Structures are given as structure tokens and as C-alpha cells.
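# Compute the structure for the input listed below.
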Amino acid sequence: MSGRYQAMHERSLSDPTGFWADAARAIDWDTFPTTILDDSDKPFYRWYRGGRLNICHNALDRHVAGGRAEQAALIYDSPVTGVKQTLTYAQLLDKVARFAGVLRDLGVGKGDRVIIYMPMIPEAVVGMLACARIGAVHSVVFGGFAPHELATRINDATPKAILSASCGIEGTKVLAYKPMLDAAIDQASHKPDHCVIFQRPQAAASLIPGRDIDWDEAAATAEPADCVAVEATDPLYVLYTSGTTGQPKGVVRDTGGYAVALKWTMEHFYGVKPGEVFWAASDVGWVVGHSYIVYGPLLHGCTTLVYEGKPVGTPDAGAFWRVISEHRVAVQFTAPTAFRAIKREDPNGELLGQYDMSCLRALFLAGERSDPDTLNWAETHLKVPVIDHWWQTETGWPVAGNPLGIDLMKVKYGSTAVPLPGWDIRVLAPDGTEVKRGDIGAIVAKLPLPPGTLPTLWNARDRFFKSYLADFPGYYQTSDAGFIDEDGYIYVMARTDDIINVAGHRLSTGAMEEVLSGHPDVAECAVIGVADDLKGQLPLGFVVLKRGVDRPHADIIKEVVKKVRDEIGPVAAFKQALVVERLPKTRSGKILRGTMQKIADSETWKMPATIDDPAILGEIGEALKSAGYAKG
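Got it, this is the predicted structure:
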């Protein structure tokens, strides 16, 4: 390992207070923190106690005052609508301040929640920053979620207002948002005071008098709102991630630690300079969108890209190259899924040769495991460092990776490289002891976690402890399994719970099982994640029918697939289910999903010692073979 990295990492663990105090001086504070690390309530640590700041000021106002007023802050590129728009820092500040005035005039204030249910358009970014400007807590919900999923988040966050758009666009299909929003509010027990709707030309939404407000009309007459200073420990946002029970977990992100951590990573990990174009090809509904479409690039004085399109098909597999070349992107961050899709459509990279890619300095991949073939393909054709890195919704920023901004180290395919400064990563056996280098175990992080990570779950302190801290006292349980090699490189191999990863989106199999079990013909069911060359994993359902059901199995499968799509949304990518006679279980009744997944993926597996009837696994294997799985 490089000496510079080694020194920084060692200092971050031996002197975390000094290390993160120095990092905190890179942002503006109304009041500098009196306590850098508050450890008075272990294991619930808090960073920057006593500090006061506003993250919107740090993302916009200070850059306008500091000479970046005319620099591009946000480039919107929408191949699905043919619209391109550039907003300077001064223009984005004006839009944000005025929309913050809209929220203020609707009675939204410090600590109030605002749900944002929008497509990838500049207004989504404006809404997030406007909330931050007045101290409100935003909760962005991915636009692909169905009404039921949105309703659960409305009930948990209890928003005073909801921001939405009339529609989103998926390829050539216009997806009306307003009917889904109305249905979600009808289902929810909590009712927001107001909904502010941005009308897109592709589909106009009907507004409900007294509740719904036209975005543009309200913004046109609003007086700009000033920044409201908040405590560093006050929540900036709540972002819901899948829970194993089907009830989503509201990950809380505090303001001060997040601002410091993101500013630090832009320079030291991603190696980006202020003024450069940084493109995270993700969605604002996911943590990547929060951290590296909105806050990270703007805190660092970069130009960020909001892209409304796909890596292939808008119009072809050269879509990414066109954007990089046209907007002079210095660093891109996306999911391996995107590059697998591009590689499938253009295996020889012929479309790449049509564009000037000399601006691109590095590509970062995260969201799921980067297979060596795809990573090698990207390296060969792009001729820049391709860096696989690992982090989670809960962590808010990378846990491990090859730190381009410190020193680029040797690449080991299949590894997400080394822990970043601030992260003390260990691999533990079930009894909590550390395993030998090279042995697989539970990947954990020694407490305290660095700034910017989740301090708790929304209104669920006990669930936070049970979900992340209880299994291994003194450590954060990542729910990932893997190993660390003799050089300190981390290999993340699999999930240790039943969350599956579909194209970088963490989805709960438990939530899907709840939907399947609601079908009138289904007696019991299970959902596993099976390996997929393009998306990493795809959900596969198993349903056991009630006795006496004699309807065609194909009809039932079609109905359960539609039911998941209707209740969770197309983001679940649930397209296949198998009808089986029975499910393999332990004697205590636990379904052996992990073993089923290994059989499906043709991995080596052992007969579980606690299995009730071993013959059932043979039946499952035959069913999987009929569907094209279990080929080993």
C-alpha cells in the first residue's frame, strides 16, 4: 500500500477526533463544533456536537460569493425528451431560494418532513436543496415505486408536504405520477397538507383544489428564503431502504457529518477538482443520487449532471459516450449493470470510437459486485482507471475502494480494494472472533463509524440497534459477507440476509413474499435472488398453491407477477415464479432460502443439518432446472 494512504488511514483510526476536525474546516460553519466526537451515549455516537451550519449554503451560496456564480452547477440532459439545460450556480441558487420560499409560505419549517416523488429532472434537485435551505427534512422516494410503497413511507415520515411531477418517462413510455400519488395518499393514514406538482409537457396532471399547488405558478411569485442554520446533528434527510420484514427502514442522515464526509471524498477518493464535471449516472431516489448527484459535487464546487435516460436505447449503446464527450465529464460513477448492458449491445466498443473521450479521467463502479469481465472490458476500451468500490445506503459514502485522490494502488479483480480513512473493517465468525486472512465471514466496521454514516433509523432507535449493532457488540454489521486478503484488500462476496441487489437497487424479498402471499390461490411462498449477468441478481418466486386449486399454473404466475409490479413497482424486476409442491424448511419452520439460492446458481452447497425433509431440495432442484437454473 502507498505510504500516503497508509499514513492517512492510520491517523484516522488512532486520532479520529483530530482527523475529522481537520476535515471539517473545509466547509463553512455558523458555529464550529464544540465536540468533534460525542461518545457519551455508546454505541450511539454523534459527530460535531455543538456545530451549526446550513448545507445548502455550502452547496450554493458560498460558491456564488466565492467566484463561481457563472460556472455551470447543473447540466440536465434528457435524451428521452430531447431537452438539455444548464444552470449556473447563480441560477440554481435563485431557483432553490425561491422554491424554499414556496415551502416556507406553505408552513414548512425546520424539522418538518417533505417527501419528494419525482423523476430525474432539475426540479428534484431544487426541491431537495430547498428543503435543506430552510431546515426541513426531505425524504426522496424513487419515482418507480407503486402507491402501496409510497403510502408506507408517507405514514412513517408524516410529511407536511409532498413534491411531485405530473409524469416520469421510461424510454418511450410516459408514466403518470399524479394518479399514483393520489392513490398513495388515499391509502395512507397520514395526509399531507399540500402537494406541489411540477407540470411536464408530456402529461398534464389534474390538481385537487386546496391541496395541490402548481410548482411554476407558486415559484414565480415567491420571495426567496434565506438559509436557516441547523445543528450538525439535526437530520438532513430520511432515505428508506428495504427491511427484512417488508417494513422499510428510514435511514437518517445528519447534516454536519454528511457535509464533511462528502466534501472529503470528492477530493480524496474520487480525485475530482472544483470546476470539473462529475457525473453519477444514478437516480436521486437512491443514496448515490443524494450523495453524488446532489450534495457531493455541489459542496465541492463541481458541475453535476442530471441524466434522464438509459445506458442503452436512448438512442443506442453509445448514450453514455455521447454525454461524456459532449459535456466533458472528468469522472463518471455508475453501476456495473450499465456497463454490462453496453457491453452486451456493443461488445467491440465500435460506438465508443465515434466520440472524443479524452476528457474522461476515471470510471467508478458501485452498487453490486463488478465482475472481472465487465471491468476489464471498460478498462480496455476507455483506457482509464476503472475503480470498483463498496458502500451502502446506511453508510452514505464509500467504505472501501481504490482512492484515486490519495494514491492509485494495484487493482485486484473481484476486490473493492482497501478501507477508506475512517473505516476500521474486520471479518468476524458467528461467535464474534476475527477470522484468518482469506477466510470468509461477516464484514463489520468497528465503532465509532466515521461522520456521514447513519446515526439512527427514523423513529426506530431500538430497530437501529437490533438491525446493525446487536449481533456483534462494538461493531456495525454490514450484512455483507466476504474476506480480507493478506494485503488488506476487501472482497465482498454476498449478502448475509435476504436483501437482494437488482441493478444496484437493494430490494427486500420479504416485501415481495408479502405480496405473493396475498394472492388468493397461494398457500405459502418464498423469494430468492438468482444470479443474472446483466442486473447482478433477479428475484425468483416459489409459490405453493392452496389445496383444491386447479387453475392453469401459467395464469396464476402471470397474476402474481402483475401483483408484485402493482404493489411494489417495476423497480422490483419481478418477472418469474415457479409453482412447487412444498418448500424446504428447518425443523423450526424457517424456509431455507440460502440453500435454494445456491442450488439455483449452481454453487456448491451442503445439506443443512436442521432440514426437516431432505427430499424437498431435490424437488426444488428439478423445478429450477425446468426454468433454466441449477445447471451444475
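
# going forward, measure contacts between C-alpha atoms and count neighbours the same way
Noted.

# any idea how far residue 626 is from the spatially closest residue to residue 607 that is not a sequence neighbour?
Using Cα to Cα, 6 or more residues apart in numbering and skipping the chain neighbours, the partner closest in space to residue 607 is residue 614 (7.4 Å). Distance, residue 614 to residue 626, using Cα to Cα, to the nearest Å: 20 Å.

# Next, count neighbours for the residue nearest to residue 607.
Here the number of neighbours of residue 614 (other Cα atoms under 10 Å) works out to 15.

# Need phi/psi at it.
Main-chain torsions, residue 614, degrees, to the nearest 10: phi -60, psi -30.

# Does it touch residue 606 like I think?
No: checked against Cα atoms under 8 Å, the pair residue 614 and residue 606 is beyond contact range at 10.9 Å.

# Per-residue pLDDT of the residue nearest to residue 607, please?
Per-residue pLDDT puts residue 614 at 89.

# what does the one 4 residues further on give?
Confidence per residue is given as pLDDT, and for residue 618 that number is 94.

# now the strands for the stretch 101-250 of the chain?
113-117, 137-140, 161-165, 167-170, 173-176, 194-198, 212-214, 230-231, 235-241, 249-254 (DSSP state E, counting those that start in this stretch).

# meant to ask about the stretch 301-450 of the chain
Listed in chain order, the strands found in the stretch 301-450 of the chain under DSSP E, counting those that start in this stretch are 303-307, 329-334, 362-365, 386-388, 400-401, 418-419, 425-428, 441-446.

# Can I get the ones you listed in JSON lines including mean neighbour count, distance to residue 49 and mean pLDDT?
JSON lines is the format used below for these (neighbours: other Cα atoms under 10 Å; distance: least, Cα to Cα, whole Å; pLDDT from 0 to 100):
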{"stretch": "strand 303-307", "mean neighbour count": "26", "distance to residue 49": "30", "mean pLDDT": "98"}
{"stretch": "strand 329-334", "mean neighbour count": "21", "distance to residue 49": "32", "mean pLDDT": "97"}
{"stretch": "strand 362-365", "mean neighbour count": "22", "distance to residue 49": "33", "mean pLDDT": "97"}
{"stretch": "strand 386-388", "mean neighbour count": "25", "distance to residue 49": "34", "mean pLDDT": "96"}
{"stretch": "strand 400-401", "mean neighbour count": "25", "distance to residue 49": "26", "mean pLDDT": "98"}
{"stretch": "strand 418-419", "mean neighbour count": "24", "distance to residue 49": "26", "mean pLDDT": "98"}
{"stretch": "strand 425-428", "mean neighbour count": "22", "distance to residue 49": "25", "mean pLDDT": "97"}
{"stretch": "strand 441-446", "mean neighbour count": "23", "distance to residue 49": "21", "mean pLDDT": "95"}
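
# need these in CSV with distance to residue 23, can you?
Conversion of the strands of the stretch 301-450 of the chain to CSV gives the following (distance: least, Cα to Cα, whole Å):
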stretch, distance to residue 23
strand 303-307, 22
strand 329-334, 22
strand 362-365, 23
strand 386-388, 24
strand 400-401, 18
strand 418-419, 18
strand 425-428, 21
strand 441-446, 20
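
# so which of those strands comes closest to residue 43?
Evaluated with Cα to Cα, these place strand 441-446 nearest to residue 43, the distance being 10.7 Å.

# Can you give the distance from the closest one to the centre of its chain?
The chain centroid and the centroid of strand 441-446 are separated by 20 Å, computed with Cα atoms, centre = their mean, to the nearest Å.

# elements contacting that strand?
Judged by 3 or more Cα pairs under 8 Å, 6 or more residues apart in numbering; DSSP states H and E, the packing partners of strand 441-446 are strand 425-428, strand 475-484.

# what's the angle from that strand to strand 475-484?
130 degrees (axes from the mean of the first three to the mean of the last three Cα atoms, to 10 degrees).

# got the contact list for strand 441-446?
Residues from elsewhere that reach strand 441-446 (Cα atoms under 8 Å, 6 or more residues apart in numbering): 423-430, 435, 474-483, 492, 496.

# Give me the buried subset of the residues you listed.
Among the contacts of strand 441-446, those classed as buried by 16 or more other Cα atoms under 10 Å are 423-428, 435, 475-483, 492, 496.

# lowest confidence element among the helices and strands of this structure?
Within the chain, confidence by mean pLDDT, DSSP states H and E is lowest for strand 505-508 among all helices and strands, at a mean of 69.

# what element comes up after it heading to the C-terminus?
Going down the chain from strand 505-508, the next helix or strand is helix 509-517, by DSSP states H and E.

# Rounded mean pLDDT for that following helix, please.
Mean per-residue pLDDT for helix 509-517: 82.

# now do stretch 59-72
According to the model, stretch 59-72 has a mean pLDDT of 98.

# what does stretch 560-576 give?
90.

# again, but for stretch 459-470
For stretch 459-470, the per-residue pLDDT values average out at 96.

# Okay, and residue 27 sits in which element?
Using DSSP H and E, no helix or strand contains residue 27.

# please renumber so the chain begins at 155
Okay, using 155 as the starting number, the last item reads as residue 181.

# My read is that it contacts residue 213, right?
No: in this structure, residue 181 sits apart from residue 213 without contact. The criterion is Cα under 8 Å, and the distance is 9.5 Å.

# neighbour count winner among those two?
Here residue 181 and residue 213 are set side by side on neighbour count (other Cα under 10 Å), and the busier one is residue 213, at 27 against 21.

# In contact with the more buried one, which residues?
Per Cα under 8 Å, 6+ apart, neighbours of residue 213: 449, 452-455.

# and it, which of the three is it?
The three-state label given to residue 213 by DSSP: H, G, I helix; E, B strand; the rest coil is helix.

# Report the separation between the closest residue to residue 332 other than its chain neighbours and residue 659.
Beyond its immediate neighbours in the sequence, the residue positioned closest to residue 332 (Cα to Cα, 6+ apart) is residue 320, lying 5.5 Å away. Between residue 320 and residue 659 the computed distance is 24 Å (Cα to Cα).

# In terms of packing, which of those two has more residues around it?
In terms of neighbours (other Cα under 10 Å), residue 320 is the more surrounded of residue 320 and residue 659; the figures are 24 against 21.

# Go ahead and confirm that one touches residue 361.
No: distance between residue 320 and residue 361: 9.7 Å, which falls outside the contact criterion (Cα under 8 Å).

# Can you name the residues that contact the residue nearest to residue 332?
With Cα under 8 Å, 6+ apart as the criterion, the residues that contact residue 320 are 330-332, 351-354, 357-359.

# Which of the residues you listed are buried, as a ChimeraX select command?
What follows is the ChimeraX syntax selecting those of the contacts of residue 320 that are buried according to 16+ other Cα under 10 Å:
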select :330,331,332,351,352,353,357,359
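
# now the contacts of residue 320 as CSV including pLDDT?
Supplementary listing: the contacts of residue 320 in CSV, determined by pLDDT from 0 to 100:
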residue, pLDDT
330, 96
331, 96
332, 96
351, 98
352, 98
353, 98
354, 98
357, 96
358, 95
359, 97
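
# quick one: which of the contacts of residue 320 is nearest to residue 499?
In terms of Cα to Cα, no member of the contacts of residue 320 lies closer to residue 499 than residue 330, at 29.5 Å.

# Let me see the domain layout of this structure.
Recorded structural domains for the chain (assignment: automatic domain parsing) are 157-463+543-600, 656-780.

# looking at those domains, which is buried most?
With neighbours defined as mean count of other Cα atoms under 10 Å, the domains of the chain peak in mean count at domain 157-463+543-600, which reaches a mean of 21.
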